[in-house]
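Q: no letters, just coordinates:
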C-alpha cells in the first residue's frame, strides 16, 4: 500500500507540530533504503523514519528508538552526518498534491542558534532532504543550498530517458502528469463525465484527478453510495462533494482491520469502505502499525524461505547419498556372480586347458585370463568377492536410514510451508538444529519452542495438532492415550492429529479433526483428501527413525475437505457426508 498525497499532507501537518524547529541529534541507516533521524524538540526526542523501499516507501514517526542496520558507512550516511546532524529542521513543505516532502535543515557552526536571533555574521549551512514517496520510483535525495544533489539512496544515471539523480547534478522534481484536475474543485459535470466512461469508477477517478489514489477514490465512491446507489447527476454530485470534502476536512487517522485482526489499510480519514475501522491518535501510529504488521509477515516469510532453502540443500545431499548407496547395493548382484564363477572354475579345473580364455557352464560364459592358471583365476574371483563384500557391509542399513531421513525431511519441509507464525517457524528451526541438520555442529538452538496446537471441536472435544516433527512425536506418544483416535493425511507429509475420546464425541468432531489433518498437510490446497484413522495403540514409532515417523495398522480412512482452525467454531457439520460412521470405529 502506497502513501497518497492526502496521507502525505496529514504527515506533514503532524511533523510540523512535532519536529519543526527541532535539532537533529543522530543520523543512521536502519536499512540500505532508509534513513533514521533522532530529532530533539522541547525536551522530547522524536524518531523519524524515512524509507524509499519500492514496496513500502514511507515517512513517519516511530515510538521505539531506531537502530542501525547497515554495517558500513555509506557515502549518503557520511554526508548526512556532515550536513544534517546537529542541524535544525527549519521548514517542512509538500508541493501541492504531490507525494513529496522537503525537509529544510540549517546547520550552525557553533551548535543550535536561537531561531529568533538575528546575527548576519554567523555562518550557516543549509540543505534539503527531499523525500519522494512515489511507489517504485521512491527516493531520498540530499540537496545543497545551490540545488545541487549531494547524494541519494538510489542513484539514477543520465540515460536520456529517465530523470538523472546523480551527485553534482542539479535537482529537478519528478514530472507531473499533464492535465490532471484538482480534486478540491471537483464539479458534478466533471465527475459525471468521468463516470460515463464506464468500467472501474475508482480507476477512472484516479486517472483524472491529481493526488487521488485508488483507495481515496473508493472512499469517495463508498461515501457517495452510502444509504443507496444513486445514478446519473445525483451520484456525480455526491461523489464530487465527498471527493472535495476528503481534502478539506480535518484529519482523522484510522486503521482498517480484516477478519484475521491484521491491519489491511490506513488513511488520514475515517474509512467508510471497510467494515472494521478503528481511529488512532496520529497518522504516524496508523502507518507504523500497518507496516509493522506487514513486515512482521514478510519477515516470517523470509525466515521461512531461508530455512526452506537450507532444508532443500540438505535434501539434495541425502538424495545423492541415497543414489550412491543404491549403486553400491546393486553391486551385490555382481558379488553372487563372482562367487559362482570362482566355484565353477574350481569345479571344472580338470577340463580347463592352459591358455584357455573362456569356460562355458550351464549356458553361461566365464572369461578366463590365459596368463593365469585355473586356480589363480578362481582365487582372483574370491579375492574380489571378499573385498567387495567387506565394502558393502552395512550398506542396506545405511540405505534404510537414509530413506527414513528423507521421509523426515519431507515431513519437515511440508510442515515448514504451513508455518504461519514466528513460534511455529522457530520450533521447526530448533528441531532441525537439535538433529544436526542445520547449523554448526554442537550449535545451541535459538528462539522459542511452541507446543502442539490445542483446539476444541464444535462438540467441545479436545483435538491436538502437531505442527512440527517434534510436536507430532509429542502429540502421538506424549499426549494421546491408547484409545484416542489418531489421524494423518494419507500418503502425504503432514501433521499428526489426535482426538481425545475420554468424553462424548460424535461425527462432527471426527469430520472436523480429519479436516484439520488435511489442512495441516501437503494436501491442503486440494478440494478433499483421504485421511487415515486408527486408535493410538495401533501407532508405532519407526525403529531407529527420526522423531515423528510412525507405522500404523488396523486403519480406516475418510475423504474430507481441508478445515482451517479459524473455521472450526463456525463450521456446521452434516454427518451424512461421512464415508464411515463414528460407530464403525473401536471406541
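A: Right, received. Where do you want to start? Because the structure is predicted, anything quoted here is derived from the model rather than measured.
Q: tell me the contacts of residue 79?
A: 142, 150-151 (CB atoms under 8 Å, 6 or more residues apart in numbering). From N, CA and C alone the C-beta is placed, and that goes for glycine too.
Q: these in strands, which ones?
A: In this view, the contacts of residue 79 that belong to strands under DSSP state E are 142, 150-151.
Q: scan these and report the most crowded one.
A: Using other CB atoms under 10 Å as the neighbour criterion, residue 142 leads these with 24 neighbours.
Q: and that residue, how far from residue 77?
A: 10 Å (CB to CB, to the nearest Å).
Q: so which of the ones in strands among the contacts of residue 79 comes closest to residue 173?
A: residue 142 (15.1 Å; CB to CB).
Q: in the sheet, who's paired with the closest one?
A: On the basis of DSSP bridges, residue 142 is bridged to residue 129, residue 151.
Q: what residues are up against it?
A: So residue 142 contacts 76, 79-80, 83-84, 127-130, 149-152 (CB under 8 Å, 6+ apart).
Q: hmm, back to that, TSV for the ones in strands among the contacts of residue 79, including distance to residue 487?
A: Shown next, in TSV, are the ones in strands among the contacts of residue 79 (distance: CB to CB, whole Å):
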residue	distance to residue 487
142	61
150	64
151	60
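Q: for the helix or strand bottoming out on mean pLDDT in the chain, packing partners?
A: Least confident helix or strand of the chain, by mean pLDDT, DSSP states H and E, is helix 565-568 with a mean of 75. Secondary-structure packing of helix 565-568 (3 or more CB pairs under 8 Å, 6 or more residues apart in numbering; DSSP states H and E): strand 453-456, helix 507-519.
Q: repeat that for 7 Å
A: With contacts defined as 3 or more CB pairs under 7 Å, 6 or more residues apart in numbering; DSSP states H and E, the packing partners of helix 565-568 are strand 453-456.
Q: where in this protein is pLDDT low?
A: Counting by pLDDT under 70, the ranges of the chain that qualify are 71, 110-123, 227-229, 293-303, 331-334, 390-392, 420-422, 439-449, 503, 569-587.
Q: ok, longest helix in it?
A: helix 283-347 (DSSP state H).
Q: show me where the chain has helices.
A: Going by DSSP H, the chain shows helices at 5-18, 75-83, 188-195, 201-208, 214-225, 232-248, 283-347, 374-391, 395-418, 422-434, 469-474, 507-519, 565-568.
Q: ok, which of those comes nearest residue 264?
A: helix 283-347 (8.3 Å).
Q: tell me what angle the closest one forms with helix 395-418.
A: 160 degrees (axes from the mean of the first three to the mean of the last three CA atoms, to 10 degrees).
Q: measure residue 560 to residue 490 for me?
A: For residue 560, the distance to residue 490 - CB to CB - is 11 Å.
Q: so what sits against both of these two?
A: Common neighbours of residue 560 and residue 490, counting by CB atoms under 7 Å, 6 or more residues apart in numbering, are residue 531.
Q: pretty sure residue 418 is touching residue 520, no?
A: Yes. Counting by CB atoms under 7 Å, residue 418 does reach residue 520; the two are 5.9 Å apart.
Q: looking at the two, which is more packed in?
A: Neighbours per residue (other CB under 10 Å) separate residue 418 from residue 520, with residue 520 holding more: 27 against 17.
Q: more crowded one of residue 560 and residue 490?
A: residue 560 (25 against 19).
Q: tally of neighbours for residue 175?
A: Around residue 175 there are 7 residues (other CB under 10 Å).
Q: what about the closest residue to it other than its chain neighbours, distance to residue 541?
A: Spatial nearest neighbour of residue 175, excluding adjacent residues (CB to CB, 6 or more residues apart in numbering): residue 163 at 7.3 Å. Distance of residue 163 to residue 541, given as CB to CB: 66 Å.
Q: tell me the contacts of residue 265?
A: Neighbours of residue 265 in contact, by CB under 7 Å, 6+ apart: 1, 215, 256, 271, 274.
Q: for the residues you listed, which single residue is the most surrounded?
A: Result: residue 271 is most packed of the contacts of residue 265 (other CB under 10 Å), 23 neighbours.
Q: would you mind confirming that residue 311 is in contact with residue 413?
A: Yes. Between residue 311 and residue 413 there is a contact under CB under 7 Å: 5.4 Å.
Q: wait, what's in contact with residue 141?
A: So residue 141 contacts 130, 149, 152, 165, 171 (CB under 7 Å, 6+ apart).
Q: specify the beta-bridge partners of the fourth one.
A: I take that to be residue 165. Residues in beta-bridge contact with residue 165 (DSSP bridges): residue 156.
Q: just checking, residue 10 touches residue 283?
A: Yes. Applying CB under 7 Å as the test, residue 10 and residue 283 come out as touching, 4.4 Å apart.
Q: return the distance of residue 341 relative to residue 124.
A: For residue 341, the distance to residue 124 - CB to CB - is 99 Å.
Q: quick revisit: which one of the contacts of residue 142 is nearest to residue 18?
A: Using CB to CB, those come closest to residue 18 at residue 129, 16.2 Å.
Q: how about that closest one, what does it touch?
A: 84, 103, 105, 140, 142.
Q: one more: residue 517?
A: Counting by CB under 7 Å, 6+ apart, residue 517 has contacts 487-489, 494-495, 497, 531.
Q: count the residues that sit near the residue nearest to residue 175.
A: 14.
Q: which ones are touching it?
A: Contacts of residue 163 by CB under 7 Å, 6+ apart are 156, 172, 174.
Q: let's have those residues in TSV, adding distance to residue 92 and neighbour count.
A: Shown next, in TSV, are the contacts of residue 163 (distance: CB to CB, whole Å; neighbours: other CB atoms under 10 Å):
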residue	distance to residue 92	neighbour count
156	25	14
172	21	11
174	19	14
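Q: closest one to residue 63 out of the residues you listed, please.
A: Once CB to CB is applied, the member of those that ends up nearest residue 63 is residue 174, at 31.2 Å.
Q: ok, and what's touching the least confident helix or strand of the chain?
A: By CB under 7 Å, 6+ apart, helix 565-568 touches 453, 455, 512, 516.
Q: same question for it: list its buried residues.
A: residue 568 (16 or more other CB atoms under 10 Å).
Q: roughly how far does residue 233 sit from residue 43?
A: Applying CB to CB to residue 233 and residue 43 gives a distance of 56 Å.
Q: again, but for residue 411
A: Counting by CB to CB - residue 411 and residue 43 are separated by 57 Å.
Q: of those two, who's got more company?
A: A direct count of neighbours by other CB under 10 Å for residue 411 and residue 43 places residue 411 higher, at 24 against 5.
Q: state the distance from the more buried one to residue 402.
A: Taken as CB to CB, the span from residue 411 to residue 402 is 15 Å.
Q: try residue 12
A: 63 Å.
Q: and residue 418, by the same measure?
A: 25 Å.
Q: ok, now residue 477?
A: Residue 477 is 24 Å from residue 402, by CB to CB.
Q: now residue 378
A: 36 Å.
Q: same check, this time on residue 566
A: 39 Å.
Q: about what we covered before: could the contacts of residue 265 be laid out in TSV, adding distance to residue 226?
A: Below are these laid out as TSV (distance: CB to CB, whole Å):
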residue	distance to residue 226
1	23
215	17
256	16
271	12
274	13
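Q: nearest to residue 464 among these?
A: residue 256 (35.0 Å).
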